[in-house]
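K.L.:
Here you go, sequence then predicted model.
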Amino acid sequence: MKGVLFNQENMNQLNEAQVLNAEERLRLAMMDSDVAQLTLLLADDMLFTNHLGHQISKAVDLAAHEQRLLAITELQASEQQVRLQGKVAVVSVRMRLTGSYHDVETHGDFRFTRVWAQGSDGTLQVIAAHSGIVA
């Protein structure tokens, strides 16, 4: 499992700073459509349910970035909360998103919930995520 790597002393204790670092790397990778970075940060068997209730696989998500079907021009985080439980973290974050999907412009406030898991090598990957529109 590859993702955010930490030194040996940090491998046993997941902390909020590690999770926030991974969240920022994910935000930047999403904005840049950095498929290599997204490949590292998203678990192969990740479960993602989007704001329309559709399940999206890692492969579909990566393809949208790789083929430039998804273009994010703004992704601003606020109201970020982290809950830690052993080698798992749950993050709730509000995101102001501007961009396009299949050349259809979109903008709005979304709430993302992500579950990060720390592997035996100390890396963090998203294993589950859900997004919703903030009314």
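P.N.:
Done, it's in. Bear in mind the structure is a predicted one, so any value in this text is a computation, not a measurement.

K.L.:
contacts, neighbours, all on C-alpha from now
P.N.:
Fine.

K.L.:
from what I can see Q37 touches A29, true?
P.N.:
Yes - proximity of Q37 to A29 meets the contact threshold set by CA atoms under 8 Å, at 6.1 Å.

K.L.:
Just the residues contacting the helix or strand bottoming out on mean pLDDT in the chain, thanks.
P.N.:
Least confident helix or strand, the chain: helix 58-66 with a mean of 90, by mean pLDDT, DSSP states H and E. Identification of contacts with helix 58-66 by CA atoms under 8 Å, 6 or more residues apart in numbering yields 30, 33-35, 38-39, 42-47, 70-71.

K.L.:
pLDDT value on the residue most central in space within the chain, please?
P.N.:
Using CA atoms, centre = their mean, the residue of the chain that lies closest to the mean C-alpha position is L26, 5.0 Å off. Per-residue pLDDT puts L26 at 95.

K.L.:
In a strand, it, correct?
P.N.:
No - according to DSSP: H, G, I helix; E, B strand; the rest coil, L26 belongs to no strand; its state is helix.

K.L.:
For the least confident helix or strand of the chain, output the C-alpha coordinates as PDB.
P.N.:
Taking Å, rounded to 0.1, in the frame of the first residue of the first chain, the C-alpha atoms of helix 58-66 are listed here in PDB:
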ATOM      1  CA  LYS A  58     -10.900   4.300  -8.100                       C
ATOM      2  CA  ALA A  59     -10.400   3.400 -11.700                       C
ATOM      3  CA  VAL A  60     -13.300   5.600 -12.900                       C
ATOM      4  CA  ASP A  61     -12.100   8.500 -10.700                       C
ATOM      5  CA  LEU A  62      -8.600   8.200 -12.000                       C
ATOM      6  CA  ALA A  63      -9.800   8.000 -15.600                       C
ATOM      7  CA  ALA A  64     -11.900  11.200 -15.200                       C
ATOM      8  CA  HIS A  65      -8.700  13.000 -14.200                       C
ATOM      9  CA  GLU A  66      -6.400  11.300 -16.700                       C
END
